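how does the following fold in three dimensions:
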Amino acid sequence: MGQCRTTEGERSYAGTRRRCGEQSSQEAGGLLAGTGLGDMLGNGLRDLVDSFKQAGHGEVADSWIGHGPNKQIESSHLERIIGSDVLDTLVQQTGLSREEILSRLSTNLPEAVDKYTPDGRIPTATDFSRS
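Purely as a prediction, here's the structure:
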């Protein structure tokens, strides 16, 4: 099975996703076989929040998780955090422009993270299995 390694310049959510995305679908299927949905959702949220923190926008991501109003993220910041490779893939898969994707993500991402963290923390796999 291929290894998912990151270089110093790829220590971001987008860089890791880009590198891990190089695995074949067969390998990914094997990885998912032992992973529950709750693990995938919780880890995905954790990775996303970590990428915001590494980019200096942890306070924004924390506002989406915690109680209280959600802080907004500017499209230009979001673009740097998720990376151009991920955006290029989304453009190809959705047929939307880069600007439209960033606009929608900057609006919907805070709401989505807020929805999946109702207790003010990133849920565990056990939390998801109770839902």
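
would you mark the buried spots in stretch 69-83?
By 16 or more other CB atoms under 10 Å, the buried positions in stretch 69-83 come out as 70, 73, 75, 77, 78, 79, 81, 82, 83. All C-beta atoms are positioned from the backbone trio N, CA, C, and that covers glycine.

again with stretch 84-93
Within stretch 84-93, the residues scored as buried using 16+ other CB under 10 Å are 86, 87, 90, 91.

distance of the second one relative to residue 102?
Summarising the geometry, the distance separating residue 87 from residue 102, computed by CB to CB, to the nearest Å, is 7 Å.

mutual contacts of the two, please.
Counting by CB atoms under 8 Å, 6 or more residues apart in numbering, the shared contacts of residue 87 and residue 102 are residue 79.

host element of residue 50?
Secondary structure assigned from DSSP states H and E places residue 50 in helix 37-54.

what's the farthest-apart pair in the buried residues of stretch 84-93?
Pairwise distances among the buried residues of stretch 84-93 were taken by CB to CB; the largest, 9.9 Å, belongs to 86 and 91.

joint contacts of these two?
With the criterion set as CB under 8 Å, 6+ apart, the contacts of residue 86 and residue 91 do not overlap.

show me where pLDDT drops low in the chain?
Low-confidence regions of the chain, defined here as pLDDT under 70, cover residues 1-42, 125, 128-131.

go again with 80.
Within the chain, the stretches with pLDDT under 80 are 1-43, 124-131.

hmm, who's touching stretch 96-111?
Taking CB under 8 Å, 6+ apart as the criterion, the residues outside stretch 96-111 that touch it are 63-64, 70-75, 78-79, 82, 87, 90-91, 94.

can we see that at 10 Å?
48, 52, 60-61, 63-64, 69-79, 81-82, 84, 86-88, 90-91, 93-94, 112 (CB atoms under 10 Å, 6 or more residues apart in numbering).
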